[in-house]
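Asker: Here is a sequence with its predicted model. Questions after.
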Amino acid sequence: MNEVRLRIDGKEVTVPKGTTLFAAAQKAGLEIPHLCHHPALPPSGICRLCLVEANGQLLTSCYHEAQDGMEVQTDTQRLRHLRRLTLELILSDHPQDCLTCERNGSCELQRYAYEYGLEKNRFVGPDHARRVFPVREDNPFIRYEPEKCILCGRCVRVCEEVQGRSVLSSVSRGFFTRISTGLEKPLTGTNCELCGQCVAVCPTGALTEKARRFQGREWELKKVDTVCPFCGCGCPITLHVRNNRIVRVSGGYQGFRLCVKGRFGLAFVHHPDRLKVPLIREGQKFREASWEEALDLVAARLLATKEKYGPDAIGGLASAKCTNEENYLFQKFMRAVIGTDNVDHCARLCHAPSVVGLGRAFGSGAMTNTIEEIRDADCILVTGSNTTEAHPVVAQEIKQAVRRGAVLIVVDPRRIELAEWAHFFLRPRPGTDVAWLNGFCHVLLQEGLWNKKFVEERCEGFEQFRQAVEQYTPERVEEITGIPRDLLVEAARAYGRAKNAMIFYAMGLTQHTHGTANVLAVANLALLSGQVGRPATGVNPLRGQNNVQGACDMGAIPEVLPGYQSLLDPRVRAKFQAAWGRPIPAAPGLTVVEMFEAARAGQLKAMVIMGENPMVSDPQIAHVAEALAGLEFLVVLDIFPNETTPYAHVILPAASFAEKDGTFTNTERKVQLLRSAFPPPGQAKPDWQIIGALAQRLGYPLTYEHPAKIMEEIASLVPTYGGISYARLEKGGIHWPCFSPDHPGTPYLHKDQFARGRGKFHPVEWEPPRETPDREYPFILTTGRNLWHYHSRSMTGRVEGLVELSPEAYLEIHPADALNLGIEEGKGVRVSSRRGTIIVRAKLTERVPRGTVFIPFHFGEAPANLLTGAFLDPEAKIPEYKVCAVRLTPLED
Amino acid sequence: MSDMNQVVDRIIARHPGEKNLIPALQEIQGELGYLPELALEAVAQRLKIPLSRVYGVATFYAQFRLTKPGEHLVQVCRGTACHVRGSQVIQEALAREFGGDGRVSLEEVRCVGCCSLAPVVVVDGRPFGRLDPQKAVSVVRGAL
Ligand code: SF4
Ligand code: SF4
Ligand code: SF4
Ligand code: FES
Ligand code: FES
């Protein structure tokens, strides 16, 4: 019997065995007063407010389980008396500062004090006066007022159980008990990630956001549900707004989980640097202009370029930061109005190999499964993804799965944070991924740990693949990768034996000249094990930007039309021609890196750049600069001046995510609504309006009354978005494919058959990276992100607290290597590659293996991509960011 | 410093595992006389327990001290009789005077059993009675 029946306040309820009395009462529609309990946390039974009477006994309902036949009362005379007493005791050492408390109106203690009519307190003793607790706010974002702390322990538990950090503990005893870090260190002196989960669950005003202080009381704040603009996790957020300013942020994954950027990093929208008026270049300076003048100029110059050199002399960069609607319009503008397929965006620089590789293996380049399924996986393989810093919420879920008993395999040259949680941590030499992936397959085949039925019924190309991996014996793999053979075998077995295994990867696999081969090798492994097409399985490329998935879906890439529909298919072209009323150019256009090469060669004459900053994020920046400087005309649409805008002839001020409606599609293919919270500053406008106005001047109607109308058009042309509409999204996000208005959406892909029919094995061979270390450039440089910043930092670099936490670029180097070279912690180092030199401070850490160094790519002052090469993957045309050879020299002060 | 690390290593070797945190702390204090911050960090690292929890435990139990004991132990009685006769003011006065003085460890204790002499301060094991704040300060000064 897995269910129990009981009566609560006279109501019959049936709940699964193991349900707490609290949850059972909730099911019966009753809410029991509670303070220490939080639905996402394990029960602790500390506050005793949730007492109920069950067959005469007093039980804490958040802790005790419902039993069959129980008679439970939740609101008796005796209970009310006890609760009053409990509350009175709590209030006895709680300041009654509600007048100026930030939680006035949302404090859970205040609410119960009111409900139970507690006016005066009977318990005041001499010890109260002796207690002096200083407020702690020695970190950029979080304020702790011990006086207001009721010691419910929610913050301690959330930090340990959800965030996996265990930064907080209750310390001291009796009246002096408070919450503290170890040794009273400031949060920034611990391994705290400043995620603010502790703030989110605190029931009182003890933990609050520093920035919200005196900015508005609860009832004065307008709440706007929207989506975080930073990473591909796409956390739902609620902006609390007063006087057109964001006061605080709530919401998040599962209602309260965010990372430091989403919770504390949105102040950039109010930064004085925001572009507020159109700017036109005159000589070396920019002058303000009216929209009329600026748009007329852009239209005229684009038209002139097109007439003189043809449409293919114009290129456009769309943006993974902009909405689906804007990306759709942008590519439509390039294709239908300008008449070229030269449209791309930064997805090229991160996941083009996934789109190509998974497209070929499965028929779809997106994450096969969802974040929510992680909890049900019993094995998780993470490779080439520093998940904790780049996809914080995914990492939280992975850690929770590990706590529940899932086996974690981490394969990464760097000792990333997740490695601390891993059962198997494999450290291949950079650029040797195909070898170990093939090695895994080899072991599974050798030991009969593969899914024969799945391979026979649902896949093709097995024989050739089998032959190809034959020579990848653990011995050979060890030679190539440096992974000890026994470890490889053990880890492969763990993956092979799992019931439900999920693979996560990111740029560590894709940003190579053999990026597509890496992705194919991952796909092979999942196919061989039959780990695709079921919940909690699959191959999951973690997409970096908030809307990089959407920008690709919308066809802001040169090789396909919206919805990955082939440019070469005459039926598809006919459909789009009919809808757009213009011929669709059929030759695939230029990719990002090719556009800059074409510009340097003088073939590309004009560019339209919407919300991208290629001067930081693209490889071989010196070439990009040359390309941009040589353009006859460049127009940039952005919210801030950045490293790219000085090259523009016209700069158009755009609206930020908080100032427009639209949709974003996150890494797990979930389409979600973005809602405007306030108007853009000055004369700035949403990109969709700017593109519309521009198109109009070029004689093509591209104006819509609202983004919802653009989505209607998208739904009519893109089958996988066919059932998506704003009306439906109002009720929550939908995972594509969603074919019709009554289609529920698709959390996991390839259920009964692959999008391409059968899953296809591709034999792949390991090849060394293009640039390997040599005597002159003896170190391997790899690049990536850190937790505190986003992309080229044009947003996070304008959030004071984030800058304080991570002010400048640094070089991670192994202490032993540093010693050999005479490089010291915090001292300057000159890092040179065949393409350039930058100077950064050294950070000695065993996170990187010997012979490899790491630099985050966020910092324009020390752009890591001055060093990287633009060697391209032959198929996906992604540049090799992850491996380049460098030389290091310590600076003399 | 390496002394301290050796002490911690030796003791942890005898008390491996998280459940042995308290005995380990007891022994470290036994040898070092108190629990220096670096020792707590070392314990956390060796036992793989979050530092926050080690600190929580070390501050929870009255038996642990986190500051180096001074050469002179001054115990102010805060029992009922002494309280009634003003031990709190004495305590405050001593704290003001000697709080920052590394030579003196100030502690409070419950009744030391000579209530008739209240208020009482015990200096290095010798009780002094019928004190007021000034007298208390000069008694302690005399002991230094
Ligand atoms: S901010 Fe996050 S990591 Fe830091 S103490 Fe709070 S919950 Fe823990
Ligand atoms: S700070 Fe808030 S969440 Fe943490 S124990 Fe105190 S009242 Fe509870
Ligand atoms: S940056 Fe990513 S993980 Fe952080 S809040 Fe935003 S969407 Fe969530
Ligand atoms: S809510 Fe159950 S004991 Fe606190
Ligand atoms: S109360 Fe101080 S000696 Fe008894």
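Answerer: Happy to help now that I have it. Ligands and ions are numbered 1, 2, ... in the order given.

Asker: alpha carbons only for contacts and neighbour counts from here, please
Answerer: Fine.

Asker: Work out which residue lies at the spatial centre of chain A.
Answerer: Among the residues of chain A, A:Cys231 comes closest to the average C-alpha position under CA atoms, centre = their mean, at 2.9 Å.

Asker: Next, work out how far apart it and ligand 1 are.
Answerer: Using CA to the nearest ligand atom, to the nearest Å, we find A:Cys231 at a distance of 18 Å from ligand 1.

Asker: What does the pLDDT read for A:Pro619?
Answerer: Looking at A:Pro619, its pLDDT is 70.

Asker: I misspoke; the intended subject was A:Gly164.
Answerer: At A:Gly164, the model reports a pLDDT of 89.

Asker: what's the burial count for the closest residue in space to B:Asp124 that isn't next to it in sequence?
Answerer: Once flanking residues are discounted, B:Asp124 sits nearest to B:Leu73: 5.0 Å by CA to CA, 6 or more residues apart in numbering or on different chains. Using other CA atoms under 10 Å in any protein chain shown, B:Leu73 has 17 other residues around it.

Asker: Regarding B:Leu73, what is its secondary structure?
Answerer: Look at B:Leu73: counting by DSSP: H, G, I helix; E, B strand; the rest coil, its state is strand.

Asker: hang on, it packs against B:Val123?
Answerer: Yes - using CA atoms under 8 Å, B:Leu73 makes contact with B:Val123 at a distance of 5.9 Å.

Asker: Now list whatever residues contact both of these two.
Answerer: Any residue near both B:Leu73 and B:Val123 by CA atoms under 8 Å, 6 or more residues apart in numbering or on different chains counts here, and not one turns up.

Asker: any weak-confidence spans in the chain?
Answerer: Using chain A here. Along chain A, segments meeting pLDDT under 70 span A:1, A:121-131, A:862, A:869-870, A:876, A:878, A:893.

Asker: meant chain B actually
Answerer: Low-confidence segments of chain B, defined by pLDDT under 70: B:1-2.

Asker: check contacts around residue 108.
Answerer: Since no chain was named, I'll use chain A. Contacts of A:Glu108 (CA under 8 Å, 6+ apart): A:35, A:203-204.

Asker: Hmm, no, I was thinking of chain B.
Answerer: So B:Glu108 contacts B:75-78 (CA under 8 Å, 6+ apart).

Asker: Buried members of the residues you listed into PyMOL, please.
Answerer: Buried subset of the contacts of B:Glu108, written as a PyMOL selection, criterion 16 or more other CA atoms under 10 Å in any protein chain shown:
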select buried, chain B and resi 75+76+77+78
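
Asker: Any buried residues in the top helix by length along chain A, and which?
Answerer: As assigned by DSSP state H, the longest helix anywhere in chain A is helix A:291-309. Under the neighbour-count criterion of 16+ other CA under 10 Å, helix A:291-309 has A:291, A:294-295, A:297-299, A:301-303, A:305-306 buried.

Asker: That helix: what's the following helix or strand?
Answerer: Counting by DSSP states H and E, the next helix or strand C-terminal to helix A:291-309 is strand A:314-317.

Asker: So which bits of chain A are right by ligand 4?
Answerer: By the rule CA under 6 Å from any ligand atom, the part of chain A lying against ligand 4 is A:34-37, A:45-50, A:60-62.

Asker: count of neighbours near residue 32?
Answerer: As the question left the chain open, I've gone with chain A. Per other CA under 10 Å, the neighbour tally for A:Ile32 reads 19.

Asker: That was the other one, I meant chain B.
Answerer: Neighbourhood size, B:Leu32 [other CA under 10 Å]: 15.

Asker: and residue 95, what does it touch?
Answerer: With no chain named, the answer covers chain A. By CA under 8 Å, 6+ apart, the residues touching A:Pro95 are A:147-148.

Asker: my bad, chain B
Answerer: Neighbouring residues of B:Ala95 by CA under 8 Å, 6+ apart: B:Leu106.

Asker: What residue in the stretch 301-450 of chain A comes nearest to chain B?
Answerer: Scanning the stretch 301-450 of chain A for the residue nearest chain B gives A:Glu420, at 11.3 Å (criterion: CA to the nearest CA).

Asker: mind checking the backbone torsions on that residue?
Answerer: phi -60, psi -20 (degrees, to the nearest 10).

Asker: cool, A:Leu811 as well?
Answerer: According to degrees, to the nearest 10, A:Leu811 has phi -120, psi 120.

Asker: That one pairs with what?
Answerer: With DSSP bridges as the criterion, A:Leu811 is bridged to A:Ala842.

Asker: and chain B, which residues reach chain A?
Answerer: Proximity of chain B to chain A (CA under 8 Å from any CA of the partner chain) is limited to residues B:37, B:50-57, B:59-61.

Asker: Which residue ranges of the stretch 351-500 of chain A form helices?
Answerer: A:352-361, A:387-390, A:392-403, A:433-446, A:452-458, A:462-470, A:474-481, A:485-497 (DSSP state H, counting those that start in this stretch).

Asker: tell me the contacts of residue 34?
Answerer: Reading this off chain A. By CA under 8 Å, 6+ apart, the neighbours of A:His34 are A:47-50.

Asker: my bad, chain B
Answerer: B:28, B:64-69.

Asker: Filter these down to just the ones in helices.
Answerer: B:Ile28.

Asker: Look up how far ligand 3 lies from A:Trp766.
Answerer: 33 Å.

Asker: Am I right that that residue is in contact with A:Gly439?
Answerer: No - assessed by CA under 8 Å, A:Trp766 is found out of contact with A:Gly439, at 10.7 Å.

Asker: just checking, B:Val57 is part of a strand?
Answerer: No - counting by three-state DSSP, B:Val57 is located in no strand; its state is helix.

Asker: backbone phi and psi for the residue nearest to the centre of chain A, please?
Answerer: Per degrees, to the nearest 10, the backbone of A:Cys231 is at phi -100, psi 180.

Asker: Dig out what it forms beta bridges with.
Answerer: Under the criterion used (DSSP bridges), A:Cys231 bridges to A:Gln545.

Asker: Helices of chain B, residue ranges please.
Answerer: Using DSSP H, helices in chain B cover B:2-14, B:21-32, B:37-47, B:51-60, B:80-84, B:87-98, B:133-143.

Asker: which ones are touching the residue in chain B that chain A sits nearest to?
Answerer: Closest to chain A within chain B is B:Ser52: 3.7 Å, counting by CA to the nearest CA. The contact partners of B:Ser52, by CA under 8 Å, 6+ apart, come to A:166-169, A:180-183.

Asker: Give me the ChimeraX select line for these, limited to the buried ones.
Answerer: Filtering the contacts of B:Ser52 down to the buried ones (16+ other CA under 10 Å) takes a single ChimeraX command:
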select /A:166,167,168,169,180,181,182,183
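
Asker: before we move on, back to that, need the helices of chain B in TSV with distance to ligand 5, can you?
Answerer: Putting the helices of chain B into TSV (distance: least, CA to the nearest ligand atom, whole Å) gives the following:
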stretch	distance to ligand 5
helix B:2-14	38
helix B:21-32	28
helix B:37-47	33
helix B:51-60	25
helix B:80-84	4
helix B:87-98	8
helix B:133-143	14
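
Asker: just the ones you listed: most buried one?
Answerer: Each of those was scored by mean neighbour count; the highest is helix B:51-60, a mean of 22, by mean count of other CA atoms under 10 Å in any protein chain shown.

Asker: Now do that helix and helix B:21-32, the angle between them.
Answerer: 70 degrees (axes from the mean of the first three to the mean of the last three CA atoms, to 10 degrees).
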